[in-house]
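K.L.:
Quick one, structure for this:
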Amino acid sequence: ITVSGVFPNPASTSAALEYEITGELKEAKIIISNVLGSSLGEYKLTRDAHKVQFNTAEFAPGIYFYTLSVDGK
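P.N.:
The predicted structure follows:
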C-alpha cells in the first residue's frame, strides 16, 4: 500500500487521504488517533476507492495521527 498523505493540512471541516493498494492483502484500514493515543475512527480501505474522506469538523483543534493497519499489523 502506498499512502500519499492527508490534505488539506491543516483541515477545518474535512480531509482526505489518498492511497493505492498494489499487493495481496486481506484487510487494510486507517485509524485516526489524537495525541493521547485515543482512537477517533477507523476507515476500511478498499482496492477500488483510492481515497478515504474524514469529517474533521467534529474533532477538537489539535494534532492528529493516522496509523495504517494491514492484515492486523
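
K.L.:
quick one, what contacts T13?
P.N.:
T13 makes contacts with N55, T56, A57, as judged by Cβ atoms under 8 Å, 6 or more residues apart in numbering. Every C-beta, even on glycine, is put in place using the N, C-alpha and C of the backbone.

K.L.:
quick one: contacts for G62?
P.N.:
By Cβ under 8 Å, 6+ apart, the neighbours of G62 are N34, V35.

K.L.:
So it, which state does it fall into?
P.N.:
coil (DSSP: H, G, I helix; E, B strand; the rest coil).

K.L.:
Restrict the worst-scoring helix or strand of the chain on mean pLDDT to CA atoms and write it as CSV.
P.N.:
Lowest mean confidence among the helices and strands of the chain (mean pLDDT, DSSP states H and E): strand 2-7, at a mean of 90. C-alpha atoms of strand 2-7 as CSV (Å, rounded to 0.1, in the frame of the first residue of the first chain):
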residue,chain,number,x,y,z
THR,A,2,1.2,3.5,-0.9
VAL,A,3,-0.2,6.4,1.1
SER,A,4,0.1,9.9,-0.4
GLY,A,5,-0.7,11.9,2.8
VAL,A,6,-3.6,13.9,4.1
PHE,A,7,-4.8,17.1,2.5
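
K.L.:
Quick check: can you name the pairing partners of the helix or strand following that strand and their directions?
P.N.:
Counting by DSSP states H and E, the element after strand 2-7 in chain order, helix or strand, is strand 14-20. Strand 14-20 sits in its sheet next to strand 2-7 (antiparallel), strand 51-55 (antiparallel), going by DSSP bridges.

K.L.:
Burial-wise, tell me which of those strands comes out on top.
P.N.:
strand 51-55 (a mean of 15; mean count of other Cβ atoms under 10 Å).

K.L.:
Please, which helix or strand holds the residue nearest the centre of the chain?
P.N.:
Centroid check for the chain by Cα atoms, centre = their mean gives I30 as the closest residue, at 4.0 Å. Following DSSP H and E, one finds I30 within strand 28-34.

K.L.:
which parts of that strand are buried?
P.N.:
A28, I30, I32 (16 or more other Cβ atoms under 10 Å).
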